[in-house]
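> Here is a sequence together with a model predicted from it:
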Amino acid sequence: MESDASLQEEFRTLCTTRCCKFTQQRFAIYSYVKGNRTHPDVNQIWENVRQTVPSITRESVFRILNELADFGVIGRLDKITNARFDGNGTDHGHLICENCGAIFDFELPASLRKLPPFEGFTTKHTELRIGGLCAQCAKNQKQQNKE
């Protein structure tokens, strides 16, 4: 994981490039999401960021998350129960448990990472979502079916 100083410098550069002000609120959200691989939702991010920035509102967290997603530095996973945010900015896939909502990253096959251009369409990112049951939920379901 990056040091706090290098992450802060990375974020300062991002703010300069995107013409937005570097604030402790923005940086706290950025550093939490970038260092997190659990695909947290806005409430989880808010609860964690409030430990270092107690005055931050849920609305501010949501606004900043959407801003960071618009910048392309984090991903936003919609069409799940609640929007979830992904600190992994590379093209990758998601395994989504349809029972508990857990999300797991997986590397895209090479054939999906470099798709040919589509006429009249500019691709910004590639994402593959696969729905099913995680190992724990599949195990629980199997046990329930035995009973």
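Structure's in. What do you need?
> correct me, but E107 touches H94?
No: E107 lies out of contact with H94 (CB atoms under 8 Å); the separation is 11.4 Å. Every C-beta, even on glycine, is put in place using the N, C-alpha and C of the backbone.
> From T52, how far off is D4?
11 Å (CB to CB, to the nearest Å).
> and the host helix or strand of S60, average pLDDT?
Here S60, judged by DSSP states H and E, is contained in helix 58-71. Regarding helix 58-71, the rounded mean pLDDT is 92.
> quick one: contacts of stretch 60-76?
By CB atoms under 8 Å, 6 or more residues apart in numbering, the list of residues contacting stretch 60-76 from outside reads 14, 18, 20, 25-26, 29-30, 33-34, 42, 45-46, 49, 83-89, 124-125, 127.
> Can you give me the buried ones in it?
Using 16 or more other CB atoms under 10 Å as the test for burial, stretch 60-76 gives S60, V61, F62, I64, L65, E67, L68, A69, V73, I74, G75.
> ok, so of those, who is nearest Q141?
G75 (28.8 Å; CB to CB).
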